[in-house]
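> The following comprises the amino acid sequence and a computationally predicted model.
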Amino acid sequence: MLFSSRPPAWLVVFLGNPGLKYEGTRHNAGFMVADALSVKKDLRIDRARFRSLTATCRFGDVSALLMKPQTYMNLSGEAVSQAARFYKIPPERILVVSDEVSLPVGSLRVRPRGSAGGHNGLKSIITLLGSEEFPRIRLGVGSPPHPDYAMPDWVLSAFHDEDALEIRKAAGLAADAVDCCITHGIEKAMNLYNRKPGREKTETVSVKAP
């Protein structure tokens, strides 16, 4: 049973921009992970709450609220802070999944905390939570091919060819990393899922069935 009447103990926030215009773009890598997780968990993230599309999901014995903020990237913190206040969830149990231009396409980086690193969605969350002490999974989307390429144009561009295949595979692994973060802890997830493109995780985690 994936759904639970118990209040969620975690928030899992997937960053992106709503609307068909932004589907498949680099800035929507977080939404891609949400879609991969929804397939793995056989659920739909479609209930409108906290200015987001949401679903309640079980990871082992733990209940989590999955969120795809519909505020647009730069205002993501408005959605996250509303849900955090409502459920009284501290930053250390708010897992944020985002794109990262400083990492090669398909790389994963799990971290227990950190700065915004120039990412406006993370900056908004940090500002409205008043803390950087929340875990995150960063999905590499690559950097612009030349210095004159404007960053806004780059993050709103779509993946193509090998990059599209690599990001799809990485999104599936990032969905597994979300499960591992909650059921086995951030450190375990860091050991298993921090990866460069083309390198699969070398250990299988036994995750208790929901």
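The structure has been received and is ready for your questions. Numbers count the residues shown, from 1 in each chain.
> Now do the helix or strand of the chain with the lowest mean pLDDT: distance to the chain's middle.
None of the helices or strands of the chain scores lower by mean pLDDT, DSSP states H and E than helix 151-155, at a mean of 91. Chain-centre distance of helix 151-155: 19 Å, with CA atoms, centre = their mean, to the nearest Å.
> Now that helix - C-alpha only, CSV.
Only the C-alpha atoms of helix 151-155 are listed here, as CSV (Å, rounded to 0.1, in the frame of the first residue of the first chain):
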residue,chain,number,x,y,z
MET,A,151,22.8,30.4,-19.0
PRO,A,152,19.0,31.0,-19.0
ASP,A,153,18.9,29.8,-22.6
TRP,A,154,21.0,26.7,-21.7
VAL,A,155,18.9,25.5,-18.7
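> buried stuff in it?
Residues of helix 151-155 classed as buried by neighbour count (16 or more other CB atoms under 10 Å): 154-155. C-beta: built from backbone N, CA, C; applies to glycine.
> what does it rub up against?
With contacts defined as CB atoms under 8 Å, 6 or more residues apart in numbering, helix 151-155 is touched by 25-27, 99, 101, 141, 143-144.
> buried set for stretch 165-174?
In stretch 165-174, counting by 16+ other CB under 10 Å, buried: 166-167, 170-174.
> In TSV: those, plus pLDDT and secondary structure.
Putting these into TSV (pLDDT from 0 to 100; DSSP: H, G, I helix; E, B strand; the rest coil) gives the following:
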residue	pLDDT	secondary structure
Glu166	94	helix
Ile167	96	helix
Ala170	95	helix
Ala171	97	helix
Gly172	96	helix
Leu173	96	helix
Ala174	97	helix
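> These: which two are farthest apart?
Glu166 and Ala174 (12.2 Å; CB to CB).
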